[in-house]
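Q: model the following, please.
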Amino acid sequence: KDGPEPVSYGGGRFSKDGKGLYVTTDRDSEFHRLAHIDLATMRHTYLTDVIKWGVEDFDLSRDGKWLAFVTNEDGVSILRVLDAAAGREQPVPRFPVGLISGLQWHANGADLGFTVESVRSPADAYAFNIETGRLERWTYSETGGLQTDNFPDPELVRWTSFDGRAISGFLYLPPARFAGKRPVAMSIHGGPESQARPHFLARHNYWLNELGIALLYPNVRGSAGYGKTFLKLDNGRLREDAYKDVGALLDWVRTRPALDADRVMVFGTSYGGHMALAVGTRYSDRVRCLLDIVGISNIVTFLQNTESYRRDLRRMEYGDERDPEMRAFLERIAPVNNADKLKKPLFVVQGKNDPRVPLSEAEQMAATARKNGTPVWYLMAKDEGHGFSKKKNADFLFYAIVLFMQEYLLK
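A: Have a look, this model is predicted:
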């Protein structure tokens with residue numbers, strides 16, 4: 001702890017002379033900056049002040065000459081190389097919109113190895129020579145026969161929420177052969193302190209390229225990647241503000257000529273499942289159907305029943321249910337307690353052995369929602385936990401979701 005506010009440090013590479021340490025830190029900053037710490041004086045020198053985004057990975061060449069680092073800029077990875085002595089950036093290739101990780105310098109001090117993932121490729125190994133500028137791709141990962149060359153890059157989109165705050169996300173549009181306004185599958189990430197980023201879409205490519213469904217991945221308040229203040233904007237009594245961000249996004253969808261605002265499915269896993277349920281109870285008139293995978297239906301019962309080793313950490317995010325005022329607030333906003341407002345078809349998915357979001361969260365939601373007389377699908381796997389990981393179950397879930405969408409989203 002450095003002063004009144006806790007400080008986060010990451011990485012850690014000794015300088016060539018052993019007198020300093022390179023780290024990332026959010027000390028006196030919204031974001032993690034790359035810094036040099038003089039070990040004699042503990043003076044911090046910040047090396048990336050001109051970049052208003054966070055540094056998430058770095059490596060120092062063995063000769064101490066080059067600092068390679070990756071910034072997370074609106075969810076997209078940008079590779080940079082710094083001359084450690086001069087503090088000047090060196091030109092490096094630009095990569096497709098995606099993620100870059102695993103930076104590692106070769107012993108020769110010139111070759112930098114790293115991993116690149118994009119919408120057209122799962123994680124693959126690359127090498128870049130800082131002296132010659134040569135870029136080599138070392139691996140070509142299996143994509144199961146998919147022809148990925150024409151897969152679309154995501155569009156970084158922004159909308160204004162209820163309080164004037166700008167919120168962003170990634171939009172993927174289906175191929176041009178799908179005419180007319182396209183239905184939308186809106187994915188809310190879990191965490192909540194996670195971030196939707198332009199990963200390889202895997203099975204979701206089927207929704208996009210074969211079913212003609214547009215995919216929308218928002219980063220509502222509380223998401224990582226946008227600074228410490230943004231990260232805390234959904235904590236405790238502020239939880240409903242994150243729901244409102246999705247409400248504003250549903251309004252924004254109506255302004256896009258390519259999207260069909262009357263056919264929107266909101267879905268998510270874990271906290272994302274909770275968000276889908278909350279959106280369904282608040283904005284039932286603006287969604288067509290909902291998919292909740294291992295989601296929280298009541299934060300109070302979730303905190304009571306989740307494994308004990310997680311409870312105190314989760315209270316920091318959601319609030320302490322032992323406090324009467326907080327408990328009353330959480331009960332008031334709980335989707336299961338507002339299920340009478342959920343008028344659209346719901347698909348609830350759960351693993352029986354889930355230690356994080358227990359089975360009871362799914363069962364109470366499915367049972368309560370059924371009282372509405374609207375269709376409720378419920379899929380429970382007896383041999384799964386927090387999500388479906390076994391191939392036979394993942395396949396079954398995939399087919400079941402396609403059937404659900406064909407029945408309630410695409411018609």
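
Q: so which bits of the top strand by length along the chain are buried?
A: In the chain, with assignment by DSSP state E, the single longest strand is strand 259-269. Neighbour-count burial for strand 259-269, with 16 or more other Cβ atoms under 10 Å as criterion, is recorded at Leu259, Asp260, Ala261, Arg263, Val264, Met265, Val266, Phe267, Gly268, Thr269. C-betas here are computed from N, CA, C, even on glycine.

Q: now do the contacts for the third one.
A: Just to be clear, that refers to Ala261. Shown in contact with Ala261 (Cβ atoms under 8 Å, 6 or more residues apart in numbering): Val184, Leu250, Val253, Arg254, Arg286.

Q: same deal with the fourth one?
A: Residues in contact with Arg263, defined by Cβ under 8 Å, 6+ apart, are Pro183, Val184, Arg288, Leu409, Leu410.

Q: equivalent analysis for the second one, please.
A: Shown in contact with Asp260 (Cβ under 8 Å, 6+ apart): Gly180, Lys181, Arg182, Pro183, Val184.

Q: of these - the most surrounded one?
A: Among these, Val184 has the most neighbours (other Cβ atoms under 10 Å), with 26 neighbours.

Q: identify the bridge partners of that one.
A: With DSSP bridges as the criterion, Val184 is bridged to Ala214, Val264.

Q: pretty sure it contacts Gly212?
A: No: the criterion here is Cβ atoms under 8 Å, and Val184 misses it with Gly212 at 10.9 Å.

Q: how about the helices in this protein?
A: 204-209, 228-231, 239-253, 271-282, 299-305, 308-318, 324-333, 359-370, 391-408 (DSSP state H).

Q: wait, which of the ones you listed is closest to Asp292?
A: The closest of those to Asp292 is helix 271-282. By Cβ to Cβ, the value is 4.1 Å.

Q: just checking, what packs against that closest one?
A: With contacts taken as 3 or more Cβ pairs under 8 Å, 6 or more residues apart in numbering; DSSP states H and E, helix 271-282 sits against strand 182-188, helix 239-253, strand 259-269, strand 289-293.

Q: and the contacts of the last one?
A: This means strand 289-293. 265-270, 272-274, 276-277, 279-280, 342, 344-350, 362, 365, 387, 401, 404-405, 408-409.

Q: re earlier: among the helices and strands packed on helix 271-282, which is nearest Lys392?
A: strand 289-293 (16.9 Å).

Q: what's the angle from the closest one to helix 391-408?
A: Angle of strand 289-293 versus helix 391-408, following axes from the mean of the first three to the mean of the last three Cα atoms, to 10 degrees, is 160 degrees.

Q: and the spatially closest residue to Gly225 that is not a sequence neighbour, how far is that from Ala123?
A: What sits nearest to Gly225 in space, not counting adjacent residues and going by Cβ to Cβ, 6 or more residues apart in numbering, is Gln195, at 4.3 Å. Gln195 sits 17 Å away from Ala123, going by Cβ to Cβ, to the nearest Å.

Q: Arg33 too?
A: Counting by Cβ to Cβ, the gap from Arg33 to Ala123 is 26 Å.

Q: more neighbours: which of those two?
A: Arg33 (22 against 16).

Q: what sits against that one?
A: With contact set as Cβ under 8 Å, 6+ apart, Arg33 has these partners: Thr24, Thr25, Asp26, Tyr46, Leu47, Thr48, Asp49, Gly54, Val55.

Q: now do Asp285
A: Counting by Cβ under 8 Å, 6+ apart, Asp285 has contacts Lys343.

Q: hang on, Asp153 packs against Phe170?
A: No: Asp153 is not in contact with Phe170 according to Cβ under 8 Å; the separation is 9.4 Å.
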